[in-house]
Structures are given as C-alpha cells and as structure tokens.
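Q: Here is my input; please provide its structure:
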Amino acid sequence: MKFRQHDVAVAQAEEVAIMEAADAKFPHVSDEWNAECQLLRLQRIAEHGLMDCYEGYDDGDFQGDFGSGWYSCEGCDALRQIVMVLDDPRLPGIMKTIRERDGFDLHGELAETYLEFARDI
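A: Residues are numbered from 1 along each chain as shown. Predicted coordinates:
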C-alpha cells in the first residue's frame, strides 16, 4: 500500500483545490459537484497514495472522512452521486491503480456504499 505523509496544511490546500475544480464545472453543492469532488479525491489517492494518518482503506477514520462526501440534503441525493462516480470514465483507471497498488476493491466498496444508502431509504 502506498502512503504519503499527512500534512494538515497540504490536505487543506488539496481540499480547497478539489472544491474549486468542481466549482468550475458544476453548481456548488449539487449532485454533480459532490460526485466530482469524490472523483477528484479518489484521483488524488490514486496519484499520491493514502495519507499516512489512515491505517488503510478499512480504517474507520478514512471511511468516515470519505463517506462524509456523499450528501443527501439540500436537494442532493447520495445514491445519484454514487451512480455518477461509478459511471464516470475516469473511474476505471483510478480503480485499477488502487487495486493493483494497494489491493483494494474500490468498485466493491462503492457498490456496498450504494446498497447501504439504498437500505436507508
């Protein structure tokens, strides 16, 4: 598994850059915007590795931090956002990198997250 050093200032700057990139493409806090942010977060992990403040993808803190990116409020629908991520043409390359390098089944995790949200409806 590839890790990179957790630096709070770097992490905050990356999150701002992700939101600004999503803002440039979609209305703020829309399903499209939230899905874009999640994809960009995953792309960052694929490119640079998981921050070393997490023990791995199954770490409760990572699950909480990444999972909090799915929104079902303010007119947003987390299920729609997950489908948008699953359908995005960038996802297969991201999944391949993470699976080959880290041995993590991102597609399975996203599918399970979808089912968890669907059960709550």
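Q: now residue 97, what's its secondary structure?
A: helix (DSSP: H, G, I helix; E, B strand; the rest coil).
Q: How about it, nearest residue that isn't a chain neighbour?
A: residue 46 (4.2 Å; CB to CB, 6 or more residues apart in numbering). (Glycine included, C-beta is placed from N, CA and C.)
Q: my hunch is that that neighbour is in a helix, does that hold up?
A: Yes. Remark: residue 46 belongs to a helix, assigned using three-state DSSP.
Q: Look up how far residue 98 lies from it.
A: 6 Å (CB to CB, to the nearest Å).
Q: Show me the contact partners of stretch 106-113.
A: Stretch 106-113 has contacts (CB atoms under 8 Å, 6 or more residues apart in numbering) with 42, 57, 67, 70, 82, 85-86, 91, 94-95, 98-99.
Q: one more time with 6 Å
A: For stretch 106-113, the surrounding residues in contact (CB atoms under 6 Å, 6 or more residues apart in numbering) are 82, 86, 95, 98.
Q: Equivalent analysis for stretch 14-22, please.
A: 33, 36-37, 40.
Q: Any idea how far apart the tips of stretch 49-58 sit?
A: Length of stretch 49-58, first residue to last, CA to CA, to the nearest Å: 15 Å.
Q: buried residues in it?
A: Using 16 or more other CB atoms under 10 Å as the test for burial, stretch 49-58 gives 49-51, 54, 57.
Q: rewinding a little: now the contacts of stretch 14-22 in JSON lines, with distance to residue 62, pLDDT and secondary structure?
A: Listed next are the contacts of stretch 14-22 as JSON lines, based on distance: CB to CB, whole Å; pLDDT from 0 to 100; DSSP: H, G, I helix; E, B strand; the rest coil:
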{"residue": "33", "distance to residue 62": "22", "pLDDT": "94", "secondary structure": "helix"}
{"residue": "36", "distance to residue 62": "20", "pLDDT": "96", "secondary structure": "helix"}
{"residue": "37", "distance to residue 62": "16", "pLDDT": "95", "secondary structure": "helix"}
{"residue": "40", "distance to residue 62": "16", "pLDDT": "96", "secondary structure": "helix"}
